[in-house]
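Participant: Please find the sequence and the predicted model below.
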Amino acid sequence: MSAAEHREFTASVRALLTKHATSAAVRAGMDAEPGYDPALWRLLSEQIGVAALAVPEEYDGVGAGLVESLLVVGELGRTLANVPMLGSAVLGVQAVLLSGDGDAAARLLPGVAAGSTILAVCWAGADGWDEPGIHADGETLSGTAYYVLDGLHADTLIAVTTSGLFEVPADAEGVSRRGVATMDPTRKLAETTFDEVPARRLGDRDPLVVAARLREVAWAAVAAEQVGAARRCLELTVEYTGSRVQFGRAIGSFQALKHRMADMYVLVESAESASQAATTSVADGSASAAEDVWAARIHCSEAFTTVVSEMVQMHGGIAITWEHDAHLFFKRAHGDAQLFGTPRRPLTPSV
């Protein structure tokens, strides 16, 4: 897609989310069993085709690519709607494609593209994403994967191990799943345990290269989400300070608050630039993808955390009430900063 087509596409996604992913709808989804509104996911999949964006046309997808998928992730960040976009339509699809297994892609991806099949990538160990929690003995899996997105309601599990990727039906004997308490109530995570479960190996590519590439995709996606959420926090803050009156004038007219909001704007704009650079590098397979994603991961996390903290301060007491969404953005910011691990050093460049 061209830049103009990207703007038009983003506007379509935002219009649908503005109408159907209201604060009340997101809160209702938080209390629902899957942790999101299935009707919203159907609308996004059927009317806009978001689940099919990164799926090649040969597997009934749109064949657009990662860039377009992350535009949707960014728009979802604005609303905090936890539909299976990041976990299934981005990470799940990319895991299958990275495996190079054409049979698996033909079997799994048409359902994902239609929005009827949900994939969950089972990856992190107890200490995070640097060491997988699942271990393979031949084609038998054992262990526990932590912090699994869409883990409770996925149809198919994609296990990341040091031996490669494996496919397991979510209802296979020996698989158990349980929800875990999280700081961020808008995003449900699960622990998935494999007790000597037979699995189907996906492809034969170097597992280290596949895992590194999947981490790059994950961090680029979270950066896009952080930018979308941070920009929404800025907008809400500007709106509130323009309407909140103190000492006979809107508090947004006070110079001190103007300066702080200007700093928020600079952070959001610079974070968006870093996120776009990371997304483009990963999508193009650039040699600088690892470094670009590393930079975006750090800067976007810091920017979102800072912007949402300023939002809370400038809203005052209302921001810490359950009725206002500021505290939900605050919790998402801290959750996103840890999701898929934090970079301690630049990654090895993509191969």
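Facilitator: Arrived safely. Predicted model only: the values in this text are computed from it and were never measured. Numbers count the residues shown, from 1 in each chain.
Participant: Give the buried residues for the helix or strand hosting Val197.
Facilitator: According to DSSP states H and E, Val197 maps onto strand 189-198. Neighbour counts over strand 189-198 (16 or more other C-beta atoms under 10 Å) mark 189-194, 197 as buried. Where you see a C-beta, it was placed from the backbone N, CA and C, and this is true even at glycine.
Participant: Show me where the stretch 1-150 of the chain has its helices.
Facilitator: Using DSSP state H, counting those that start in this stretch, the helices of the stretch 1-150 of the chain run over 3-20, 23-31, 38-43, 66-79, 93-99, 102-114.
Participant: Could you dump the ones you listed into JSON lines and include distance to Cys122?
Facilitator: Putting those into JSON lines (distance: least, C-beta to C-beta, whole Å) gives the following:
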{"stretch": "helix 3-20", "distance to Cys122": "28"}
{"stretch": "helix 23-31", "distance to Cys122": "23"}
{"stretch": "helix 38-43", "distance to Cys122": "21"}
{"stretch": "helix 66-79", "distance to Cys122": "20"}
{"stretch": "helix 93-99", "distance to Cys122": "10"}
{"stretch": "helix 102-114", "distance to Cys122": "15"}
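Participant: Adding mean neighbour count, mean pLDDT and distance to Asp204 as columns, could you present the ones you listed in TSV?
Facilitator: Output for these, formatted as TSV (neighbours: other C-beta atoms under 10 Å; pLDDT from 0 to 100; distance: least, C-beta to C-beta, whole Å):
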stretch	mean neighbour count	mean pLDDT	distance to Asp204
helix 3-20	14	93	35
helix 23-31	15	88	39
helix 38-43	17	93	33
helix 66-79	25	96	23
helix 93-99	24	96	9
helix 102-114	19	96	12
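Participant: quick one, which of these is nearest to Gln255?
Facilitator: Comparing the helices of the stretch 1-150 of the chain against Gln255 with C-beta to C-beta, the closest turns out to be helix 66-79 (28.6 Å).
Participant: from memory Arg78 sits against Arg14, does it?
Facilitator: Yes. Between Arg78 and Arg14 there is a contact under C-beta atoms under 8 Å: 7.4 Å.
Participant: Buried ones in the helix or strand where Ala224 lies, by neighbour count?
Facilitator: For Ala224, the host element (DSSP H and E) is helix 207-243. Going by neighbour count (16+ other C-beta under 10 Å), the buried part of helix 207-243 is 207, 210-234, 236-238, 240-241.
Participant: Whichever helix or strand comes after the strand holding Val197 - contacts with which helices or strands?
Facilitator: The first helix or strand that comes after strand 189-198 along the chain, using DSSP H and E, is strand 200-202. Packing contacts for strand 200-202, counted by 3 or more C-beta pairs under 8 Å, 6 or more residues apart in numbering; DSSP states H and E, involve helix 93-99, strand 164-169.
Participant: Can I get the first one as PDB, trimmed to CA atoms?
Facilitator: What that stands for is helix 93-99. Output in PDB follows, covering the C-alpha atoms of helix 93-99 (Å, rounded to 0.1, in the frame of the first residue of the first chain):
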ATOM      1  CA  VAL A  93       0.800 -15.800  11.600                       C
ATOM      2  CA  GLN A  94       4.400 -14.700  11.600                       C
ATOM      3  CA  ALA A  95       5.500 -17.800  13.600                       C
ATOM      4  CA  VAL A  96       3.900 -20.100  11.000                       C
ATOM      5  CA  LEU A  97       5.400 -18.200   8.100                       C
ATOM      6  CA  LEU A  98       8.800 -18.000   9.700                       C
ATOM      7  CA  SER A  99       8.800 -21.800  10.100                       C
END
